[in-house]
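here is a sequence together with a model predicted from it:
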Amino acid sequence: MLDLLSIESKIKIAMKKEYFSQPSPALALHRSMFILQQQADELLLNQTGVGLSQVRIMSQLHFSVPRSQRTVATMLRQTEANVSRQLQTMKKQGLVSVERNRKDRRIREVTLTQKGTKTYQKAEKVLERHYDQLEKLWGGAEAKDLTKSLQQLNKIF
């Protein structure tokens, strides 16, 4: 089980390896995001049995409305092939139901199963605790500065 200490130590190790020595803030942000995603993925796998990619897909399906595979891929900015591979795994785990559209058999509609909904709710709680721990690591003022900078960055994109 990952805890606050292991997260903090991995971040410090990464920084010692000079991952962040490049002058580009964009590169530092990219590398930080990669580390955060790895941490979240490992944590989710250990506590829920699903990874971050699957949780991202579930986040698009938790509205109880069937979504096409293409819509899920578009919303996540992923290829349909990547989403299809994830959905096959999730179907085997009993997390999703994949059915052909009645009007257009080429379209695959995806919904969360009851097990998928419970798994997603658990994953949300795991991530919320994880992010709360990270925010404590940064401290109040630093977290606010980071949030402000990220909001400005989001305006660009």
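Nice, thanks for sending it over.

so for the protein, the centremost residue is which one?
For the chain, the residue lying nearest the average C-alpha position, counting by CA atoms, centre = their mean, turns out to be L52 (4.1 Å).

contact partners for the closest residue to that one other than its chain neighbours?
What sits nearest to L52 in space, not counting adjacent residues and going by CB to CB, 6 or more residues apart in numbering, is D41, at 4.2 Å. For the C-beta atoms, the positions are set from N, CA and C on the backbone; glycine is no exception. Going by CB atoms under 8 Å, 6 or more residues apart in numbering, D41 touches 51-53.

name the secondary structure element that contains the closest residue to T71 other than its chain neighbours.
Nearest in space to T71, with sequence neighbours left out and distances taken as CB to CB, 6+ apart, is Q60 at 7.7 Å. Following DSSP states H and E, the helix or strand that holds Q60 is helix 52-61.

hang on, the earlier thing: tell me how far the residue nearest to the centre of the chain lies from D145.
Relative to D145, L52 is positioned 26 Å away (CB to CB, to the nearest Å).

got it, and V55?
Look at V55 and D145: by CB to CB, they are 28 Å apart.

quick one: which of these two has more around it?
A direct count of neighbours by other CB atoms under 10 Å for V55 and D145 places V55 higher, at 20 against 12.

so that one touches G116, yeah?
No - the pair V55 and G116 does not pass the contact test of CB atoms under 8 Å, sitting 10.5 Å apart.

quick one: low-confidence residue ranges for this protein.
Counting by pLDDT under 70, the low-confidence segments of the chain come to 1-23.

quick one: the strands in it?
Remark: strands assigned in the chain by DSSP state E are 67-68, 96-100, 108-112.

run me through the strand neighbours of the shortest one, direction for each.
To tie it back to what came earlier, the one meant is strand 67-68. Strands that pair with strand 67-68, judged by DSSP bridges, come out as strand 108-112 (antiparallel).

so what touches the partner strand?
If you take CB under 8 Å, 6+ apart as the criterion, strand 108-112 is touched by 58, 61-62, 64-69, 72, 87, 95-101, 120.
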